[in-house]
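A.B. asks: Quick one, what's the 3D model for this:
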Amino acid sequence: MLKRVAVIAAVLIAVLALVIATRPAHLHVERSLSIAVPPALVFPLINDFHQWSSWSPWEKLDPNMKREISGAPQGKGSLYSWSGNDQVGVGSMEIVDSAAPEQVKIRLEFKQPWQATNATTFTLLPTKQGTRVTWAMDGENNFGAKAMSMFMNMDQMIGKDFEAGLTNLGAVAEAAAEQQRAAAARPAEAPNAPAAVGADPGTADPGAGGAPVR
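C.D. replies: Numbers count the residues shown, from 1 in each chain. The predicted structure follows:
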């Protein structure tokens, strides 16, 4: 009896392994959002890791998360690493290519609670209304990731974070654009009236017909 149970269990495990192995090997998640701001104002918020704290969907998941930004101050060669609770884990990002104001490519590496390396791309397309921003991520599923995909919809799980991040990005970019418009609308301060040619400030006596006081 025990032998028969063992054989059945082995067959079930083999079938499950076969099903997992046939799951998609490639992961692609993509979300887009239209922002009423030109690409030149949106691009710096993505190309500079120092700006990510204002819009990234993961920044507020762990108030004690440790961050480190190194390498180039922005653009290609800029590095961002983080370490936090179970919601954010441990990982790093590196901007591997940057073409202003059209595209930013990032190498994304997760170290905990799982290990994976993915390619992330932000594409900014100018439109009549402003900018169409697309956030995409591509990676290869190992056996463990394929098994997880049987119980979790990775597109929905990651996609909702992308949607939240793009919404935040749009709000920050539009607020910055509004500040620029407000600053440009302020009247310029009137320049100081120029002094009379040949005048000697502080030496004229108005009560003496303008004669210099000596």
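
A.B. asks: gap between the most centrally placed residue in the chain and Leu79?
C.D. replies: Centroid-nearest residue in the chain, with CA atoms, centre = their mean: Ile46, separated by 4.4 Å. The gap separating Ile46 from Leu79 is 15 Å, by CB to CB, to the nearest Å. Where C-beta positions appear, they are placed from N, C-alpha and C, glycine not excepted.

A.B. asks: again, but for Lys66
C.D. replies: Taken as CB to CB, the span from Lys66 to Leu79 is 14 Å.

A.B. asks: Which of these two has more residues huddled nearby?
C.D. replies: More crowded of Lys66 and Leu79, by other CB atoms under 10 Å: Leu79, with 15 against 10.

A.B. asks: so the more buried one touches Ser92, yeah?
C.D. replies: Yes. Assessed by CB atoms under 8 Å, Leu79 is found in contact with Ser92 at 6.7 Å.

A.B. asks: residue ranges with poor pLDDT in the chain?
C.D. replies: 3-26, 141-153, 188-214 (pLDDT under 70).

A.B. asks: Mind doing that once more with 50?
C.D. replies: Along the chain, the model assigns pLDDT under 50 to residues 16, 20, 143, 146, 199, 201, 204-214.

A.B. asks: What is the burial count for Gly165?
C.D. replies: Neighbours around Gly165, by other CB under 10 Å: 20.

A.B. asks: Are we agreed that it is in a helix?
C.D. replies: Yes. Gly165 sits within a helix when classified using DSSP: H, G, I helix; E, B strand; the rest coil.

A.B. asks: Distance of it relative to Gly71?
C.D. replies: For Gly165 relative to Gly71 (CB to CB), the value is 22 Å.

A.B. asks: Buried residues in stretch 164-171, which are they?
C.D. replies: Gly165, Leu166, Asn168, Leu169, Gly170 (16 or more other CB atoms under 10 Å).

A.B. asks: Ser81 versus the closest residue to the second one other than its chain neighbours, what's the distance?
C.D. replies: If you skip the residues right next to it in sequence, Leu166 has Leu33 as its closest partner in space, 4.0 Å away by CB to CB, 6 or more residues apart in numbering. For Leu33, the distance to Ser81 under the criterion CB to CB works out to 27 Å.

A.B. asks: Pull the contacting residues for the residue lying closest to Ser56 once chain neighbours are set aside.
C.D. replies: Residue nearest to Ser56 in three dimensions, not counting chain neighbours: Gly165, with 6.0 Å by CB to CB, 6+ apart. By CB atoms under 8 Å, 6 or more residues apart in numbering, the contact set of Gly165 is Trp55, Ser56, Pro57, Trp135.
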